[in-house]
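*Asks:* kindly return the folded structure for what I paste below:
(chains A and B)
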2 protein chains.
Amino acid sequence: MSHISDSELSEFSMQLFSAMGASYDDAKIATDVLVSADLRGIDSHGVSRLIGYVNLWESGRINMSPDIKIIRENKSTFTIDGDSGLGLVVAPKAMDIAIERAKVYGSGWGAIQNSNHFGIAGYHAMKALSHDMIGMAMTNATPFIPPTRSKQAMLGTNPISYVFPTKNERPLIIDLATSSVARGKIEIARREGREIPKGWMIDKDGRTSQNVDELKDGGMLTPLGSLEELGSHKGYALGSLVDIMSGVLSGANFGKWVPPFVSYLPLLPNLPGKGLGHFVGAMEVDGFRSVDEFKISMDLWINSFKNAERVDEKNPVYVPGEIEFNTEEKRLKTGIPLNDKVLEDLHKLGKKFSIKI
Amino acid sequence: MSHISDSELSEFSMQLFSAMGASYDDAKIATDVLVSADLRGIDSHGVSRLIGYVNLWESGRINMSPDIKIIRENKSTFTIDGDSGLGLVVAPKAMDIAIERAKVYGSGWGAIQNSNHFGIAGYHAMKALSHDMIGMAMTNATPFIPPTRSKQAMLGTNPISYVFPTKNERPLIIDLATSSVARGKIEIARREGREIPKGWMIDKDGRTSQNVDELKDGGMLTPLGSLEELGSHKGYALGSLVDIMSGVLSGANFGKWVPPFVSYLPLLPNLPGKGLGHFVGAMEVDGFRSVDEFKISMDLWINSFKNAERVDEKNPVYVPGEIEFNTEEKRLKTGIPLNDKVLEDLHKLGKKFSIKI
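*Replies:* Predicted coordinates for the structure are as follows:
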């Protein structure tokens, strides 16, 4: 484990994206999304992904100088063709358009087709905050979760993010995958030889499994809710919602057809759409309620939840996004911890593209 | 258990709402929402609620002839004051306005304050379908769920509904409470002396409990995800999303302040808003993608999920809303089953208002 400052990591990522052919502006946006994930403690979506992006780019699945354009629109709504660009670049640009539409029509909503992995959903949604807007973002993803009662991976971890501006408190950031747990948590348990709870994983036959080795042998994640008796059909429905808004509405792929994030897995035949899909939106608070009243109420909401009676006095009640803000504050000072595997990958990339890290 | 036809139940409900002072149109709308819940098998939200509405009306918390009006707006967005009306009436009217806005601006979004219980979220969202729109509805509700690590009820079962039009398949209806399970399921287990799974309930001290008797002694529901190790913080975040969109954005109450559905529980002092809140919306498909292409893709989505490989050949994989459509089809023929308790309540009400059932 080593610690690297966010500015050093950003410098490396900037140079890497530039070496792959991204414009200065695009390299800057993509870098900002990744390093923001690392700062906020969502390590699975930060610079550890760089090697995967390079592999996808080398296999011709990512276009580093995409012609991102609106292909259909109706005032507050529009659809974007991402031209096989990095989702890291396509999604923020779509979000900017949503914000512009919201300034004119009160709200703005963009469906995005023909894109790739977009990093953390929260980054894109958070762009709305400085405009006193509520932001939202979702994306479909490589299938890794079967519907309830199925053993076939049909849904990705399909995250949903909604963010809300506040007055004196830090903004409220909701950003959650619709799986019960992140794949990365199972991988960490495997490395550390720890047991996992019943409900995190199912084996290739769809049976609940606590044998972490099966993750590499057809094992899959469960939808939020974990088990049918605990409401996994609700997680399945939420994942479906994200898949339809991101994939079907935009004309991207959906369900089992969503392109894999890893370059060594092939695309399925007869794809029903283009690339993978996102959905982003922004709503002006002012169209519903005075901004100041809303923000004061948000502060009250946050404080009432933080002060809700604790089960255990020693364990505080967190509001959504609070832990990530705390991590960011810390990592801005101490640097970002990178494990040996990630560091090794970055060194490999540095060597390949002649970039110092 | 008796079976009563939907038309007989509707006739009874119409007369009851009229006797309480509702206009013919309002009685018809409210009845349609309730009987639709009974037909779709969501018995907890159908005519079994009538006695509760009467009690709230008698305690002065429901206004049967409300002046429902827009109090703020900006093209695609607006806020409604429900004037303490039945949510069953206020929400469909707000949804009609959202649909009108979507016809003009591509999408329409309404926050609603000063309302009451609105029945099933799916009913309101489904109004969008005949306009080739995606519909959505959510509402906050009587607090009965503590945040993760808390033992204080701060959130209701706060449902989210999204519905999607289709071509030859039945529409896709997502409608889920953000709790792990409905309170009604625990009550049924109690009546039948059955055990409940670990994760459905916590006792008044916030500890996981499988003792159903504790439901009446301060027991509470868990957020979707059930346990912290299985992702209950995600269900908590989703419940928060609904609470903020419905309560904070509209100027209604939120969190612990949301008014109880039962008349014998008092309101908390220093309410931060008015009544309870909903949020509804509609988006024209045509603003994103050709309606026909979208509907064909939706059919493909549905068929690919229904045909996903099964864990057990005998157990089909359902798509969201499928079971409810099947129930509706059946109950339109066989009538709606009412248990003795509900039937007794309806007879009481019939006697009180001189209405035959």
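*Asks:* in what element of secondary structure is the residue lying farthest from the centre of chain A found?
*Replies:* Largest separation from the mean C-alpha position in chain A: A:Glu313, at 32.7 Å (C-alpha atoms, centre = their mean). Here A:Glu313 is covered by no helix or strand, with elements defined by DSSP states H and E.
*Asks:* please apply the same query to A:Asn326.
*Replies:* Going by DSSP H and E, A:Asn326 is in helix A:322-334.
*Asks:* list the buried residues of that helix.
*Replies:* A:Glu322, A:Glu324, A:Phe325, A:Thr327, A:Glu328, A:Arg331 (16 or more other C-beta atoms under 10 Å in any protein chain shown). C-beta coordinates here come from the backbone N, C-alpha and C atoms, glycine included.
*Asks:* A:Leu155 contacts A:Leu241, doesn't it?
*Replies:* No. Using C-beta atoms under 8 Å, A:Leu155 is not in contact with A:Leu241, being 10.2 Å away.
*Asks:* what bits of the stretch 201-350 of chain A have low per-residue confidence?
*Replies:* Under the criterion pLDDT under 70, no range of the stretch 201-350 of chain A is flagged.
*Asks:* can you give me the helices for it?
*Replies:* Under the criterion DSSP state H, counting those that start in this stretch, the stretch 201-350 of chain A contains helices at A:232-243, A:291-306, A:322-334, A:340-353.
*Asks:* can I get those in TSV including distance to chain B?
*Replies:* Rendered in TSV, the data for the helices of the stretch 201-350 of chain A read as follows (distance: least, C-beta to the nearest C-beta, whole Å):
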stretch	distance to chain B
helix A:232-243	4
helix A:291-306	5
helix A:322-334	9
helix A:340-353	25
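*Asks:* which one of those helices is the most hemmed in?
*Replies:* By mean neighbour count, with neighbours taken as mean count of other C-beta atoms under 10 Å in any protein chain shown, helix A:232-243 ranks first of the helices of the stretch 201-350 of chain A at a mean of 27.
*Asks:* could you name the helices and strands sitting against it?
*Replies:* When contacts are defined as 3 or more C-beta pairs under 8 Å, 6 or more residues apart in numbering or on different chains; DSSP states H and E, helix A:232-243 sits against strand A:160-164, strand B:172-176.
*Asks:* most packed of those strands?
*Replies:* Ranked by mean neighbour count, the helices and strands packed on helix A:232-243 are led by strand A:160-164 with a mean of 26 (mean count of other C-beta under 10 Å).
*Asks:* so what strands line up beside it?
*Replies:* Using DSSP bridges, the strands paired with strand A:160-164 in its sheet are strand A:133-139 (antiparallel), strand A:172-176 (antiparallel).
*Asks:* endpoints of stretch A:188-197, how far apart?
*Replies:* For stretch A:188-197, the separation between the terminal residues is 13 Å (C-alpha to C-alpha, to the nearest Å).
*Asks:* quick one: residues contacting A:Ile323.
*Replies:* A:Ile323 makes contact with A:Gly41, according to C-beta atoms under 8 Å, 6 or more residues apart in numbering or on different chains.
*Asks:* can you rerun that using 10 Å?
*Replies:* Counting by C-beta atoms under 10 Å, 6 or more residues apart in numbering or on different chains, A:Ile323 makes contact with A:Arg40, A:Gly41, B:His233.
*Asks:* so the second one is in contact with A:Ile336, correct?
*Replies:* Yes. Applying C-beta atoms under 10 Å as the test, A:Gly41 and A:Ile336 come out as touching, 9.2 Å apart.
*Asks:* between these two, which one's more packed in?
*Replies:* A:Ile336 (23 against 17; other C-beta atoms under 10 Å in any protein chain shown).
*Asks:* contacting residues for the residue nearest the centre of chain A?
*Replies:* In chain A, the centroid-proximal residue (C-alpha atoms, centre = their mean) is A:Ile120; its distance is 2.9 Å. Neighbour list for A:Ile120: A:33-34, A:36-38, A:40, A:42, A:44-46, A:88, A:126, A:137, A:139, A:159, A:161, A:175, A:324 [criterion: C-beta under 10 Å, 6+ apart].
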